[in-house]
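Asks: Let's see this in three dimensions:
(one chain, ligands or ions: 1)
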Amino acid sequence: MTASGRSFDCDVLVVGGGIVGLSAAYALMRSAPGTRVTVLEKERGPARHQTGRNSGVIHSGIYYRPGSLKARFAVRGAAEMVKFCAEYGIDHQVTGKLIVATEREELPRLHALVQRGRENGIPVRELGPAQIAEYEPEVRGLAAIHVGTTGVCDYGAVAAQLAQASDADVRYGEEVTAVDRRPWGVAVRTASGTVVRARALVNCAGLHCDRVARLAGDDPGMRIVPFRGEYYELTRPGLVRGLVYPVPDPAFPFLGVHLTRGIDGGVHVGPNAVPALAREGYTWSAVRPLDLAETLRWPGSWQIARRHWRYGAGELHRSLSKRAFTQAVRRLLPAVTEDDLRPAPAGVRAQAVLRDGTLADDFLIREAPRTVHVLNAPSPAATASLPIGREVARRALEALKEDRVHHPGAPGRAPGR
Ligand SMILES: Cc1cc2nc3c(=O)[nH]c(=O)nc-3n(C[C@H](O)[C@H](O)[C@H](O)COP(=O)(O)OP(=O)(O)OC[C@H]3O[C@@H](n4cnc5c(N)ncnc54)[C@H](O)[C@@H]3O)c2cc1C
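Replies: Numbering: from 1, shown residues only. Have a look, this model is predicted:
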């Protein structure tokens, strides 16, 4: 494969074998058959981070600002995800879900969600306390909404299927450590010394996307601040039939601790949101000084701490005290006791934070020469992964067109370590 007489190992090189990177590879294959795609993933298999450590919910799109990428891609993505799972025989179910107000002051926000859902074209039904009990006999609330298009699936299995169906050259155990971008192409080096030359680069590195952007020489204008979400498993899963969510706090992009009956029939309670002390810090004892120093050096981290210390302190308390966590869950599910909750594996969200402390709310996809960076793909990006992948692929294919306008120059060197 040549452009301006140079040799390339592939047309598009994707960094990251999570659901977003693999969806991009899949979309490239579908929209431009014959495009040679290589995916480099640092772990030994797909979906080892966010994609394999989440609630497994196919979100309807009710929460998101009409017109935002999240709203458009989640609504479309939910329907496409159900179809994809059906086509490839992946476990999934469209269960519907309840969003339940337990306090009076939550009622206006619940009504605003009804409005937003309708604006986003989502079927919603308003429920009073007696109707809540018809869906969920153990759940208590003042009012609720039922959202019909929410479901559950196994995103790890979806990612593995995307890898297979994309026909891409997916290489595991290859961590990208250096990027050399030139006008005629991009060369990356991995920790094992492999060099891959491509005509365009796609960065879907999730918790490390800002670092990969900087390796490419781009200033992403944000940093990933990792927020861990901890879960418990309900040892009496019969207490919950389906999916039950609180009314979210609009100050945060997180949905609040919810009750989720997963595709395996188990019920998870969580996730909360506490600062992780490493980008892949799944427990309090996982501390990486380099990650921590990077978070603390970013002015936006201090702004978040200043603005949200009260909420943060509550989350910390509920993380360290099972009793406090249980008490919070009892607002929705009064019958639950501490003994009903067994710790389950946590996930860490890659949340983009701007310099001024703004928690980036919408998906953030940025382009640089021959490069597409996915800089914010938190929930519901698993739901929305197929449309996100298409959008990334479209932009990457645009970047390939630069070949037509660039003049030949000196061959690219292999990047330094
Ligand atoms: C607790 C939690 C609950 C969630 N619940 C839901 C939900 O119910 N529904 C929903 O739709 N979304 C949910 N999400 C969000 C969803 O999981 C993510 O939006 C989605 O998985 C993001 O996919 P990704 O491919 O961008 O990231 P990841 O899955 O994190 O993939 C990024 C990949 O890049 C690799 N990588 C990083 N750096 C390098 C490098 N230098 N070289 C090579 N490889 C590299 C990593 O190893 C990783 O595999 C949740 C997230 C969390 C954390």
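
Asks: Please identify the helix or strand for residue 269.
Replies: Assigned by DSSP states H and E, residue 269 belongs to strand 267-270.

Asks: what's the distance between that strand and the middle of its chain?
Replies: Remark: strand 267-270 is offset 18 Å from the chain centroid, using Cα atoms, centre = their mean, to the nearest Å.

Asks: Show me what that strand is in contact with.
Replies: Strand 267-270 has contacts (Cβ atoms under 8 Å, 6 or more residues apart in numbering) with 55, 229-234, 237, 239-240, 257-262, 329, 336, 341, 344, 346. (Glycine included, C-beta is placed from N, CA and C.)

Asks: List the neighbouring strands of the next helix or strand after it plus their orientation.
Replies: Using DSSP H and E, the next helix or strand after strand 267-270 towards the C-terminus is strand 274-275. Sheet pairing here is set by DSSP bridges, and for strand 274-275 it gives strand 222-234 (antiparallel).

Asks: What average pLDDT does the helix or strand following the strand it pairs with get?
Replies: Where DSSP H and E defines the elements, the next helix or strand beyond strand 222-234 is strand 243-246. What strand 243-246 shows for mean pLDDT is 97.

Asks: next one: whichever helix or strand comes after strand 243-246 to chain centre, how far?
Replies: Scanning forward in sequence from strand 243-246 by DSSP H and E, the next helix or strand is strand 258-261. Relative to its chain's centre, strand 258-261 lies at 18 Å (Cα atoms, centre = their mean).

Asks: you'd agree residue 118 is up against residue 124?
Replies: Yes. When contacts are counted by Cβ atoms under 8 Å, residue 118 is listed as touching residue 124 (6.6 Å).

Asks: Please say which of those two ends up with more neighbours.
Replies: Taking other Cβ atoms under 10 Å, residue 118 and residue 124 do not tie; residue 124 has more neighbours (20 against 13).

Asks: check contacts around the nearest residue to residue 299 once chain neighbours are set aside.
Replies: Excluding its sequence neighbours, the residue lying closest to residue 299 (Cβ to Cβ, 6 or more residues apart in numbering) is residue 355, at 5.5 Å. Neighbouring residues of residue 355 by Cβ under 8 Å, 6+ apart: 221-222, 298-300.

Asks: thinking again about what came up before, tell me the strands beside the strand holding residue 269, with direction?
Replies: strand 222-234 (antiparallel), strand 258-261 (antiparallel).

Asks: mind checking which of those strands is nearest residue 36?
Replies: Residue 36 sits nearest to strand 222-234 of all those, at 29.4 Å, using Cβ to Cβ.

Asks: ok, is that closest one in contact with the ligand or not?
Replies: Yes. Contact between strand 222-234 and the ligand, assessed by Cβ under 6 Å from any ligand atom, occurs at residue 229.

Asks: Show me where this protein has its helices.
Replies: 19-31, 69-88, 107-119, 129-135, 155-166, 209-215, 289-297, 299-320, 322-330, 385-400 (DSSP state H).

Asks: Torsion angles phi and psi at residue 218?
Replies: Reported as degrees, to the nearest 10, the phi and psi values for residue 218 are phi -100, psi 140.

Asks: That one and the ligand, how far apart?
Replies: Per Cβ to the nearest ligand atom, to the nearest Å, residue 218 is found 15 Å from the ligand.

Asks: can you check residue 320 too?
Replies: Residue 320 is 18 Å from the ligand, by Cβ to the nearest ligand atom.

Asks: Spit out the contact partners of that residue.
Replies: Taking Cβ under 8 Å, 6+ apart, we find residue 320 in contact with no residue.

Asks: That one and residue 360, how far apart?
Replies: Residue 320 is 28 Å from residue 360, where distance means Cβ to Cβ, to the nearest Å.

Asks: I'd like the average pLDDT over stretch 165-173.
Replies: Average pLDDT, stretch 165-173: 97.

Asks: hmm, that stretch touching the ligand?
Replies: No. For stretch 165-173, no contact with the ligand is found by Cβ under 6 Å from any ligand atom; the gap never falls below 9.2 Å.

Asks: Flag every buried residue along that stretch.
Replies: 165-168, 170 (16 or more other Cβ atoms under 10 Å).

Asks: Not counting its own residues, what contacts that stretch?
Replies: Contacts for stretch 165-173 (Cβ under 8 Å, 6+ apart): 10, 14, 17, 22, 25-26, 28-29, 36-46, 88, 163, 192, 194.

Asks: Is there a quick ChimeraX command that grabs whichever of those residues are buried?
Replies: Only the buried entries of the contacts of stretch 165-173 go into this ChimeraX selection, using 16+ other Cβ under 10 Å:
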select :10,14,17,22,25,26,28,29,36,37,38,39,40,41,42,43,46,163
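
Asks: List, out of the contacts of stretch 165-173, those positioned next to the ligand.
Replies: 17, 40-43.

Asks: Return the helix or strand in the protein with minimum mean pLDDT.
Replies: strand 2-3 (a mean of 48; mean pLDDT, DSSP states H and E).

Asks: nearest spatial neighbour of whichever residue of the stretch 1-150 of the chain sits closest to the ligand, skipping sequence neighbours?
Replies: As assessed by Cβ to the nearest ligand atom, the ligand sits closest to residue 18 within the stretch 1-150 of the chain, at 2.0 Å. The shortest distance from residue 18 to any non-neighbouring residue, by Cβ to Cβ, 6+ apart, is to residue 51 (4.3 Å).
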